[in-house]
Each structure stands twice: as structure tokens, then as C-alpha cells.
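[1] Provided below for reference: sequence and predicted model.
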Amino acid sequence: MLNIAIGTKNPTKVAAIKLGFQGIDAHFIETSVPSGVSAQPLTDKETIQGAINRARNSLEKENTDIGIGLEGGVFSSDHGLFLCNWGAIVDGDKPPIIAGGARILLPEEVANGVRAGKELSEVMEEYTKQKDVRSKEGAIGIFTNGYVNRTDMFTHVVKLLVGQYTYRMNNW
Ligand SMILES: O=P(O)(O)OP(=O)(O)OP(=O)(O)OC[C@H]1O[C@@H](n2cnc3c(O)ncnc32)[C@H](O)[C@@H]1O
Ligand SMILES: [Mg+2]
């Protein structure tokens, strides 16, 4: 059995990790760890680092076989501010396994709140007048009209991670 530390207690991320590991005999420990980056990462680079830090910190804290981290962020482009998501698996001293998720543009009204220094989660609550969007459908669920929610999006990231992890186990 694979012991896995999950570097979050956010229910959308926890659900995605359990779905992404379906078919693998695994035991999960949810643990709160620092991401080591800003609460609102503003570049791909910072968001990737947050995912790796969460994976490594949860592995070291819980002393499991592997650690997994999922991190949400945004980045600026010529077209506006994109939502981005990254994930990482850390397995001892091996190089981290990394995978990226879907990206969508945020409406300018929401983007301006983040540019002004607010966290996306806070802006989403004001914009939708709903509490705790981050733990439910997420910004991606709201702006895709429910077609792809935060768990769907992170499940894809986790499958990309698990697939690369099992490939490496079998071939390296
Ligand atoms: O408990 P943790 O694991 O930290 O979960 P989180 O919801 O805070 O998620 P992240 O730290 O990975 O996300 C970074 C920031 O972006 C926000 N965010 C990212 N994606 C979001 C989404 O789909 N909906 C609402 N807020 C989102 C989030 O609330 C944070 O302010
Ligand atoms: Mg957070």
C-alpha cells in the first residue's frame, strides 16, 4: 500500500486526489503545510514552486512514501489575467513530478481585484455573493458555467501526476 501525504485540507483538492488515484491501493493523510509562496501566487513559476513545496513539506511532516501538492494561481498575459493550476508529487530525493492544469481568462472586474492585491478567493466571494467558492465549484466552475469545476480540473492534474509517477516506477 502506498502512503500518501496530501498538502491541503481543501475538499475540492482532496476529492480530486482520491479520484485521480483510483485503482491504486493507497492510504491518504490530509495535512496542513505552508506553501512557502504568497497566498496568491502571481506567476506560473511561483505557483509551481508552491505545489512542489506543499508536496515536499507534507512528505516530511507525515513521513509517508510520497507527498502531493496542488496549488492555484494566476498569471498575466497579453490577453488578460489567466487562472492557472499546478500539481507536484515528491518521492524522496528524486526530481519532483510536475503537471499543469487548464487555464482560463478571468473577467476584467475579477482580474482587477487580484491586481489590486486581493486574493482570488476573496474577490470570488464578492463577485458571486457566495461564501467559500474556493471549497466548492471554484472560480473555474463559476466561469465555465459548471462545465468544469475545481475538482474536475484538479482530477485531471492528479491523473497527469499519477500517470507520470507510475511510468517512472516502471521504466526508470
Ligand atoms: O487550502 P488550500 O489548499 O490553500 O486551498 P486554496 O483554496 O487556498 O487554494 P490555493 O492556495 O491553491 O489557491 C491560491 C489562491 O487562489 C485562490 N483560488 C485559486 N483557484 C480558485 C478558484 O477556483 N476559486 C476560488 N479561489 C481560487 C485561492 O483561494 C487562493 O487565494
Ligand atoms: Mg491557499
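    Looks like it arrived, so ask away. Ligands and ions are numbered 1, 2, ... in the order given.
[2] can we go C-alpha only for contacts and neighbour counts from here?
    Fine.
[3] Report the central residue of the chain.
    Centroid-nearest residue in the chain, with CA atoms, centre = their mean: L70, separated by 2.7 Å.
[4] Go ahead and confirm that one touches I89.
    No - using CA atoms under 8 Å as the test, L70 is too far from I89 to be in contact (9.1 Å).
[5] For M1, see how far away S76 is.
    Using CA to CA, to the nearest Å, we find S76 at a distance of 41 Å from M1.
[6] More neighbours: those two, which one.
    Neighbours were counted for S76 and for M1 using other CA atoms under 10 Å; S76 has more, 15 against 8.
[7] Which element, helix or strand, includes E125?
    helix 120-128 (DSSP states H and E).
[8] Which elements pack onto that helix?
    helix 108-115 (3 or more CA pairs under 8 Å, 6 or more residues apart in numbering; DSSP states H and E).
[9] chain center to the helix it packs on: distance?
    Taking CA atoms, centre = their mean, to the nearest Å, one finds helix 108-115 lying 21 Å from the centre of the chain it belongs to.
[10] what does that helix contact?
    G80, L81, E119, L120, V123, M124, Y127 (CA atoms under 8 Å, 6 or more residues apart in numbering).
[11] Number of residues surrounding the closest residue to I98 other than its chain neighbours?
    Spatial nearest neighbour of I98, chain neighbours left out: A88 (4.5 Å); criterion: CA to CA, 6 or more residues apart in numbering. A88 has 29 neighbours, counted by other CA under 10 Å.
[12] show me the contacts for the residue nearest to R134 when sequence neighbours are not counted.
    Among residues not flanking R134 along the chain, S121 sits closest, at 5.9 Å (CA to CA, 6+ apart). S121 is in contact with D132, V133, R134, counting by CA under 8 Å, 6+ apart.
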